[in-house]
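> Next come a sequence and a model predicted from it.
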Amino acid sequence: MKTSPDISDLEIHAYVDGALEAERARDVESALAGDAELAARVAGYRADKALLKRAYSGLADEPVPAAWIDMIRNDANAKPAPAYSWRMVGAIAAAILVLVAGAGFYLGQMQPASVDVVQAALEVRGDAAIPVANLADARRYDATLGRIVDADIKVPDLERMGYRVTRLGFYSHAAQIQYRDGQNHLLTLYLRASDGKTRFDQFEQKGMRICVWQDDRISTVMAGAMSAAEMQRLASLAYLGLTA
């Protein structure tokens with residue numbers, strides 16, 4: 001599906017920042033339910049915003065350099081500076097926006113190489129914005145899933161193991177598929193393009209069983225509260241189901 005043509009990039013950014021007026025925000029939320037590309041873009045902007053926040057959050061706690069304090073004091077004793085024109089103010093604001101947008105793009109581009117796949121999977125675990133009614137509904141997003149991961153894949157069917165797909169999440173370079181069993185236990189399947197190295201791990205972390213299955217195309221991280229044997233069976237079913 002194509003992004004809704006009446007929703008601009010500016011409105012998408014305002015929606016992500018919580019600055020869009022309520023009526024228009026409801027329009028965007030309604031469009032998200034039926035527009036996979038729009039949902040992927042919104043999720044991507046949110047992921048970039050989160051990366052920027054993590055990257056620069058420590059700056060707020062840094063002390064103001066002494067040289068800056070001296071500069072401010074000197075300026076306070078100097079003659080008033082000439083007023084800036086609105087054109088100059090606009091140019092400065094535009095430059096700041098370009099720098100921030102560029103940093104967001106750069107951080108988003110470097111995410112697959114710099115952030116461990118397990119860490120990335122756990123950071124977004126449970127954060128999936130698109131509800132789906134069943135497997136057929138979820139597979140309407142297979143094309144979007146394939147574009148993000150850069151592979152010909154589809155949402156795996158895990159129903160024979162008692163897990164039903166319930167939600168999807170799309171990010172700048174990754175996707176998440178959520179499943180629930182009959183007791184409402186959460187199982188997440190996190191996917192992104194591989195760095196080309198093969199890897200298979202299964203271990204316990206933060207009270208969950210985690211399985212990493214990576215080939216030369218796809219990195220897959222499954223996480224859920226279960227036994228090692230159950231995770232092994234689910235991981236095999238999921239890995240085969242991605243390309244079956």
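All right, it came through fine.

> use CA for all of it now, contacts and neighbours both
Fine.

> L237 reaches L158, doesn't it?
Yes. Judged on C-alpha atoms under 8 Å, L237 makes contact with L158 at a distance of 6.8 Å.

> Follow the chain on from the lowest-mean-pLDDT helix or strand in the chain and name the next helix or strand.
Lowest on mean pLDDT, DSSP states H and E among the helices and strands of the chain sits helix 86-114, with a mean of 45. Once the chain leaves helix 86-114, the next helix or strand it forms, by DSSP states H and E, is helix 117-124.

> mind checking pLDDT for A128?
Model confidence at A128, given as pLDDT, is 82.

> what's the answer for D116, then?
D116 is given a pLDDT of 86.

> From S194, how far off is it?
From D116 across to S194, the span is 11 Å (C-alpha to C-alpha, to the nearest Å).

> isn't E204 right up against I210?
Yes. Here E204 reaches I210: they are 5.9 Å apart, a contact under C-alpha under 8 Å.

> neighbour-wise, which of those two wins?
The residue with more neighbours, out of E204 and I210, is I210; 26 against 15, by other C-alpha atoms under 10 Å.

> May I have the beta-bridge partners of the more buried one?
With DSSP bridges as the criterion, I210 is bridged to F203, A223.

> What separation do you get for it and A40?
Counting by C-alpha to C-alpha, the gap from I210 to A40 is 25 Å.

> Check Q202 too.
Noted for Q202: a distance of 29 Å to A40, by C-alpha to C-alpha.

> higher neighbour count, those two?
Neighbours around Q202 and A40, counted as other C-alpha under 10 Å, are more numerous at A40. The numbers are 26 against 17.

> Not counting sequence-adjacent ones, nearest residue to the more buried one?
F170 (4.8 Å; C-alpha to C-alpha, 6 or more residues apart in numbering).

> On the pLDDT front, check the one you found for me.
What the model reports for F170 is a pLDDT of 91.

> Next up, the contacts around it.
For F170, the contacting residues are 39-41, 43-44, 128, 145, 148, 176, by C-alpha atoms under 8 Å, 6 or more residues apart in numbering.

> Report the separation between it and V124.
Taking C-alpha to C-alpha as the measure, F170 and V124 are separated by 10 Å.

> go on, Q202?
19 Å.

> Other residues contacting stretch 159-167?
The contact list for stretch 159-167 (C-alpha under 8 Å, 6+ apart) reads 128-135, 138, 157-158, 177-182, 187, 234.

> make it 10 Å
Under the contact criterion C-alpha atoms under 10 Å, 6 or more residues apart in numbering, stretch 159-167 has outside partners 126-138, 155-158, 176-188, 230, 233-234, 237.
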